[in-house]
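>>> how would this look folded up:
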Amino acid sequence: MADLLLQEVDPMILDRIARLAVARGWTQAQTCVAVLEQGLFSTELEVRSGFADPEVDALADAIAALQALPAGHGF
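Residues are numbered from 1 along each chain as shown. The predicted model follows:
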């Protein structure tokens, strides 16, 4: 999953991502990965009891793969 394309994202969300990127000094791609990661962690905690360990491991592997991606060129 080298390229991530976000379609049909609410303009308000895109604006918030852009503002967060500026505030943190991150690229929009870095910001999207950070937000996605935090959202996954939060959601995983909410449903942790509903996931079997292999599913949790798969999510952790997916997060690690996202973190290993090189910085993108924006949207």
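
>>> name the nearest residue to the residue positioned nearest the centre of the chain, ignoring sequence neighbours.
Nearest to the centroid of the C-alpha atoms of the chain, with distances taken as Cα atoms, centre = their mean, sits Leu36, at 1.9 Å. Counting by Cβ to Cβ, 6 or more residues apart in numbering, the nearest residue to Leu36 once its immediate chain neighbours are dropped is Leu66, at 6.8 Å. Every residue, glycine included, has its C-beta placed from N, CA and C.

>>> next, count neighbours for the one you found.
Leu66 has 16 neighbouring residues, counting by other Cβ atoms under 10 Å.

>>> quickly note the distance from it to Gln38.
12 Å (Cβ to Cβ, to the nearest Å).

>>> please apply the same query to Val47.
Taking Cβ to Cβ as the measure, Val47 and Gln38 are separated by 15 Å.

>>> just Ala23 next, same as before
15 Å.

>>> same deal with Ile17?
If you measure Ile17 against Gln38 using Cβ to Cβ, the figure is 12 Å.

>>> where does the chain dip in pLDDT?
Applying pLDDT under 70 to the chain flags the ranges 1-6, 48-52, 72-75.

>>> if we go to 50?
Counting by pLDDT under 50, the low-confidence segments of the chain come to 1.

>>> pull the contacting residues for Trp26.
If you count contacts by Cβ atoms under 8 Å, 6 or more residues apart in numbering, Trp26 has them with Leu20, Ala34.

>>> which helix of the protein spans the most residues?
What stands out as the longest helix in the chain, according to DSSP state H, is helix 28-47.

>>> check which helices and strands the helix or strand just after that helix sits against.
Proceeding C-terminally, helix 28-47 gives way to helix 53-68 as the next helix or strand, assigned by DSSP states H and E. On a contact count with 3 or more Cβ pairs under 8 Å, 6 or more residues apart in numbering; DSSP states H and E, helix 53-68 meets helix 28-47.

>>> the helix it packs on versus helix 53-68: what angle between them?
Using axes from the mean of the first three to the mean of the last three Cα atoms, to 10 degrees, one finds that helix 28-47 and helix 53-68 are set 160 degrees apart in direction.
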